[in-house]
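Colleague: need a structure here:
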Amino acid sequence: MPASVRHTVLLALAIWTTFSLLPAPAGAADWLDELTAILQDHREFARMEGREAAYESYVAQLHVARAALDRGDVDGVYTAMNTFMDMLEHAPEAAGIPLWSARAIFDYCAEVTPPMYHDISRHGVKKTA
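Modeller: Predicted structure coming up:
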């Protein structure tokens with residue numbers, strides 16, 4: 001794929017991500033479904049460059065959170081989501097995920113994850129001045 005086309009596609013995805021960050025519906029697990037869908041969208045986009053495998057550990061971590069949520073294990077969801085956000089925050093590029101992608105997913109996660117399921121003092125939405 002030519003560099004100009006790749007940059008256009010990256011820009012389009014970045015714009016889509018920015019403008020699609022709406023809170024999930026109020027259902028019990030809708031926030032996790034929406035977060036999983038956003039992650040899958042990023043992973044699908046990475047497929048064009050052969051980097052979709054970089055997202056596998058992130059997908060697996062959301063499966064851990066889903067299993068805990070389905071069991072009603074609040075502490076398990078809390079641990080899984082904090083691990084997920086730590087993964088996004090610390091060295092995502094080493095895993096093969098572009099920094100812009102990790103930041104977009106992190107920000108969406110911080111916005112939609114109920115406070116009882118993550119450490120908002122570390123992973124809250126950061127307001128910029």
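Colleague: For the helix or strand where Trp31 lies, which helices and strands make contact with it?
Modeller: Trp31 is part of helix 30-47, with elements assigned from DSSP states H and E. Contact here means 3 or more Cβ pairs under 8 Å, 6 or more residues apart in numbering; DSSP states H and E; on that basis helix 30-47 packs against helix 3-19, helix 56-71, helix 99-112. In short, each C-beta sits where N, CA and C put it, glycine included.
Colleague: Which strands or helices does the last one pack on?
Modeller: This points to helix 99-112. Using 3+ Cβ pairs under 8 Å, 6+ apart: helix 99-112 touches helix 3-19, helix 30-47, helix 74-89, helix 92-95, helix 120-123.
Colleague: Count the neighbours of the closest residue to Ile120 other than its chain neighbours for me.
Modeller: Spatially, and ignoring its direct neighbours in sequence, Ile120 is nearest to Ala110 (7.7 Å; Cβ to Cβ, 6 or more residues apart in numbering). Ala110 has 19 neighbours, counted by other Cβ atoms under 10 Å.
Colleague: Repeat that for Glu56.
Modeller: Count around Glu56 with other Cβ under 10 Å applied: 12.
Colleague: Tell me the confidence at it?
Modeller: Looking at Glu56, its pLDDT reads 94.
Colleague: same check, this time on His7
Modeller: The model's pLDDT for His7 equals 49.
Colleague: Likewise for the one 10 residues further on?
Modeller: The confidence metric pLDDT takes the value 46 at Thr17.
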